[in-house]
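Asks: Fold the following for me, if possible:
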Amino acid sequence: MAEWTSAVGAVQLARLLRSQESAGAVALDRPGRRVPAYRSLADGVRLLVLEGRIPVATRLPAERELASALGVSRTTIAAAYEHLRAAGFLESRRGAGSWTSVPAGHPLPTRGLEPLPPDATGSMIDLGCAALPAPEPWLTRAMHGALEQLPLYAHTHGDYPAGLPGLRTAIAERYTARGVPTMSEQIMITTGAMGAMIALCRLFAGRGERIAVDSPSYANILQLMREDGARLVPVAMGEGLTGWDVETWRHTLRDAAPRLAYVIPDYHNPTGALADDDQRRALVDAARRAGTVVVADETMSELRLDDTGERPRPMASYDPAGSTVVTVGSASKAFWAGLRIGWVRAAPEVIRSLVSARAYADLGSPVVEQLATTWLLEGGGWAAATGLRRSQARANRDAIVAALQRHLPDWEYTVPHGGLTLWVRTGGLSGSRIAEAGERVGVRIPSGPRFGVGGAFEGYVRLPFTVTGAVAEEAVGRLAAAARAVAEGAGPVAAEPAGAFIA
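Replies: Residues are numbered from 1 along each chain as shown. As a prediction, this is how the structure comes out:
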């Protein structure tokens, strides 16, 4: 019986490796390369495995096939595979081929953006997750308010597939106040925005269906779609932070006819871009003509950090019939990631379909957390809490940017006016290499390809607004050390930074 559970084709693997080569991560046939081609190739595969972009137990292509796709000798491929086997990143068996693995004792790579456990960070500064501590005292007050209401619900079975009526009403009223008339029947409460996206992908896009996505886009959603079997169609973002390239979106929707489109119009993750009213209207019109359902992810909409004038209207305001735009929201980014409450706003018939399908999923979201969110939204402190969140994120953003200007002046970025992330071009260096070297000097960041399709964005990293002051200075200083190691082509840098920093 074979030991692999999936396979990567020669053309696909060659494309991933070539995307690394363009940013200096590998050098397969570059004149004057510092390491032999087989070593460079093996190192590229190892990076793909460590970042989860090739899962463990994935069968690699045969030597002859990969040699042809890369335009190198079969001897080079054989030597690279042997090097990977010796390092514990490849296993082989006659008749079964070769498949990826990790050395004994090495943590299993993840394909998403997961935070380190709070008690496991040690001296590591974790910039992998764009999430902040809870804005106290509002979390504690919300939980006290929830517990006061809990006896009214404790005598029931506790399953509310559509969500608690009070919370659905409160969220509907917020949409109405923003100029999008909404009934409670148009709202379903979910377990975070991820729960909403899982439900929507399963309703609208079965295996093999096309889904158009911003390029770059939120890594965890991209991975969710991949694992559900979707065919992702990337659409490049506009230059700077100007939102979408509407003409490219028109062509994509017309030519690819995707069943679903996933966009982040408000302070886009990872770029921080904000789509204006004209772009929103044009995208909805183009989607309506193409018969594409647009999922607008508004999880960052509350995180406006600078006063830049009037806010754009919600995308749903350009779809009065509710046939084209479905909106996803969440308390996790605006308030606290530990409050796993999200929601979907859609036409009543879509909500009914989602609720019906929920019987085969999670049945409903936790009652106490729903009561806490209701308490916050009904005058219990949402405005004050989100105001505190914005203040924290603004201070963190400014600290990260100032530290980058001091330590890494050649890196390029546009400072966003909202959101929680900075999208940074790394001066021609490989983001994957910098992420790997960063782990060795005590800073953890996600590289650009996690946010792309097919190996794109190798020359980028994402920095969240989660640390400030001395911690931000230390984090960027460690990033600078990692970048120097990559630029100099150095081997493994020190496992622990000099003078361990306790956040």
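
Asks: Next up, the contacts around S68.
Replies: A10 (Cβ atoms under 8 Å, 6 or more residues apart in numbering). From N, CA and C alone the C-beta is placed, and that goes for glycine too.

Asks: that's a strand at it, yeah?
Replies: No. Counting by DSSP: H, G, I helix; E, B strand; the rest coil, S68 falls outside a strand, being helix.

Asks: quick one: low-confidence parts of the stretch 51-200 of the chain?
Replies: 105-115, 117-122 (pLDDT under 70).

Asks: Strands along that one, start to end?
Replies: Secondary structure of the stretch 51-200 of the chain, counting by DSSP state E, counting those that start in this stretch: strands at 58-59, 90-93, 97-100, 125-126, 187-190.

Asks: so what does the first one touch, helix or strand wise?
Replies: Pointing back at strand 58-59 there. When contacts are defined as 3 or more Cβ pairs under 8 Å, 6 or more residues apart in numbering; DSSP states H and E, strand 58-59 sits against strand 6-7, strand 97-100.

Asks: hey, which of the strands of the stretch 51-200 of the chain is tucked in deepest?
Replies: strand 187-190 (a mean of 26; mean count of other Cβ atoms under 10 Å).

Asks: Tell me the strands beside that one, with direction?
Replies: strand 342-345 (antiparallel) (DSSP bridges).

Asks: what's the pLDDT at the closest residue to P216 other than its chain neighbours?
Replies: Nearest non-adjacent residue to P216, counting by Cβ to Cβ, 6 or more residues apart in numbering: F451, 3.7 Å away. In this model, F451 is scored at 91, pLDDT.

Asks: I figured F451 hits F457, correct?
Replies: Yes. Between F451 and F457 there is a contact at 6.0 Å, judged by Cβ atoms under 8 Å.

Asks: what's the closest residue to A347 other than its chain neighbours sitting at in phi/psi?
Replies: Excluding the flanking residues, the one nearest A347 by Cβ to Cβ, 6+ apart is G322, at 3.6 Å. Phi and psi for G322, reported as degrees, to the nearest 10, are phi 70, psi 20.

Asks: What segments of the stretch 201-350 of the chain are helices?
Replies: 219-227, 246-256, 277-290, 348-357 (DSSP state H, counting those that start in this stretch).

Asks: Against which helices or strands is the last one packed?
Replies: Under the contact criterion of 3+ Cβ pairs under 8 Å, 6+ apart, helix 348-357 touches strand 187-190, helix 192-204, strand 342-345.

Asks: right, and these - which one's nearest A67?
Replies: helix 192-204 (37.2 Å; Cβ to Cβ).

Asks: Who are the packing partners of that closest one?
Replies: strand 187-190, helix 219-227, strand 260-263, strand 293-297, strand 325-330, strand 342-345, helix 348-357.

Asks: Could you dump those into TSV and include distance to R254?
Replies: Formatted as TSV, the entries for the helices and strands packed on helix 192-204 read as follows, by distance: least, Cβ to Cβ, whole Å:
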stretch	distance to R254
strand 187-190	31
helix 219-227	21
strand 260-263	12
strand 293-297	15
strand 325-330	18
strand 342-345	27
helix 348-357	24
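
Asks: which one of the ones you listed has the lowest average pLDDT?
Replies: When I compare those, helix 219-227 is least confident, with a mean of 92.

Asks: now what about that one, what contacts it?
Replies: With Cβ under 8 Å, 6+ apart, helix 219-227 has contacts from 111-113, 194, 197-198, 201, 205, 211, 213, 232, 262, 270, 297, 446, 450-451, 453.

Asks: ok now it, how far from the chain's centre?
Replies: How far helix 219-227 lies from its chain's middle: 8 Å, per Cα atoms, centre = their mean, to the nearest Å.

Asks: Stretch 39-51 too?
Replies: Per Cα atoms, centre = their mean, the centroid offset for stretch 39-51 relative to its chain is 22 Å.

Asks: before we move on, what about stretch 227-235?
Replies: On Cα atoms, centre = their mean, the centre of stretch 227-235 falls 14 Å from that of its chain.

Asks: In it, which residues are buried?
Replies: Residues of stretch 227-235 classed as buried by neighbour count (16 or more other Cβ atoms under 10 Å): 228, 230, 232-235.

Asks: Tally up the residues packed near the nearest residue to D228 once chain neighbours are set aside, please.
Replies: Using Cβ to Cβ, 6+ apart and skipping the chain neighbours, the partner closest in space to D228 is C201 (5.3 Å). Number of residues near C201 (other Cβ atoms under 10 Å) recorded here: 23.

Asks: contacting residues for C201?
Replies: With Cβ under 8 Å, 6+ apart, C201 has these contacts: 211, 224-225, 228, 230, 260.

Asks: Can you give the domain ranges for the chain?
Replies: For the chain, automatic domain parsing gives the domain ranges 6-100, 118-131+384-487, 138-380.

Asks: quick one, what contacts G455?
Replies: Per Cβ under 8 Å, 6+ apart, neighbours of G455: 15-16, 18-20, 53, 449.

Asks: How about P151?
Replies: Here P151 is in contact with no residue (Cβ under 8 Å, 6+ apart).

Asks: can you check R174 too?
Replies: R174 neighbours (Cβ under 8 Å, 6+ apart): L377.

Asks: how near is it to E439?
Replies: 41 Å (Cβ to Cβ, to the nearest Å).

Asks: do the same with R289
Replies: The value you get for R289 to E439, if Cβ to Cβ is used, is 47 Å.

Asks: Quick check: phi and psi at H417.
Replies: Taking degrees, to the nearest 10 as the convention, H417 sits at phi -90, psi 0.

Asks: Contacts only, for the residue nearest to R345 when sequence neighbours are not counted.
Replies: Leaving aside its sequence neighbours, R345 sits nearest to T327 (Cβ to Cβ, 6+ apart; 4.2 Å). T327 makes contacts with 175, 295-296, 298, 314-316, 344-346, as judged by Cβ under 8 Å, 6+ apart.

Asks: Pull out the buried members of these.
Replies: The buried subset of the contacts of T327 - by 16+ other Cβ under 10 Å - is 175, 295-296, 298, 314-316, 344-346.

Asks: Among those, which one lies nearest to A134?
Replies: E298 (20.8 Å).

Asks: Is there a neighbour count for G206? I'd like the number.
Replies: Neighbours around G206, by other Cβ under 10 Å: 12.

Asks: Next up, the contacts around the closest residue to it other than its chain neighbours.
Replies: Leaving aside its chain neighbours, G206 sits nearest to G229 (7.5 Å; criterion: Cβ to Cβ, 6+ apart). Applying Cβ under 8 Å, 6+ apart, we find G229 in contact with 206-208.

Asks: ok, back up a step: out of the helices of the stretch 201-350 of the chain, which gets nearest to G489?
Replies: helix 219-227 (27.7 Å).

Asks: mind listing what's buried in that closest one?
Replies: Within helix 219-227, judged by 16+ other Cβ under 10 Å, the buried ones are 219-225.

Asks: again with stretch 134-152
Replies: 134-135, 138-139, 141-143, 145-146, 149.

Asks: Likewise for stretch 305-316?
Replies: For stretch 305-316, by 16+ other Cβ under 10 Å, it's 305, 312-316.

Asks: do stretch 419-434 as well
Replies: 419-426, 429-434.
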